[in-house]
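Asks: I'd like to go over a predicted model; first the sequence, then the structure.
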Amino acid sequence: MSDYTISVQGHGEEIEYAEGDERFIFEVSFAKVPYRLYARQFWTYRLPNGPHRLPEGKKHIVERVAQWMSSDGKPTELVWEEEPYLQPLKSVDQLLAERLARRRIS
């Protein structure tokens, strides 16, 4: 079994799991019970450089983080699927093109 550390980052909105040279930063919510761990993806640094999908071989990390989050006796819910309201942001060029297209139609 390897040594690892778990720490809360980002004003309680992120959890960092560190094992050797690897870093996994997960989004979390402690706002209500059950706590939520967004396990589907991770970042490797504080500045957004991802997100990356969590490989099957690394799912033990999520189990460790969830167990750590629940250590105060409150349950933790794992969220493996994307939230339905999350959609990629449109670029300014896309928004402008859509507006111009609507003007031509009217």
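Replies: Good, I have the coordinates. Remember, predicted model here, so these are calculated numbers, not experimental data. Numbers count the residues shown, from 1 in each chain.
Asks: please count neighbours and contacts with C-alpha atoms only from this point.
Replies: Noted.
Asks: can you give me the strands for this structure?
Replies: Ranges of strands within the chain are 5-9, 14-19, 22-29, 35-43, 52-53, 76-79, based on DSSP state E.
Asks: worst average pLDDT in those?
Replies: Ranked on mean pLDDT, the bottom entry among the strands of the chain is strand 52-53, at a mean of 84.
Asks: identify all contacting residues around that one.
Replies: By CA atoms under 8 Å, 6 or more residues apart in numbering, the surrounding residues in contact with strand 52-53 are 40-43.
Asks: how far away is the closest residue to Trp80 other than its chain neighbours from Glu14?
Replies: Residue nearest to Trp80 in three dimensions, not counting chain neighbours: Arg40, with 4.6 Å by CA to CA, 6 or more residues apart in numbering. In this view, Arg40 and Glu14 are 14 Å apart by CA to CA, to the nearest Å.
Asks: wait, Gln9 touches Ile15, no?
Replies: Yes: shown here, Gln9 and Ile15 form a contact pair, counting by CA atoms under 8 Å, at 5.5 Å.
Asks: ok, the two, which is more surrounded?
Replies: Set side by side, Gln9 and Ile15 show more neighbours around Ile15, with 22 against 15, by other CA atoms under 10 Å.
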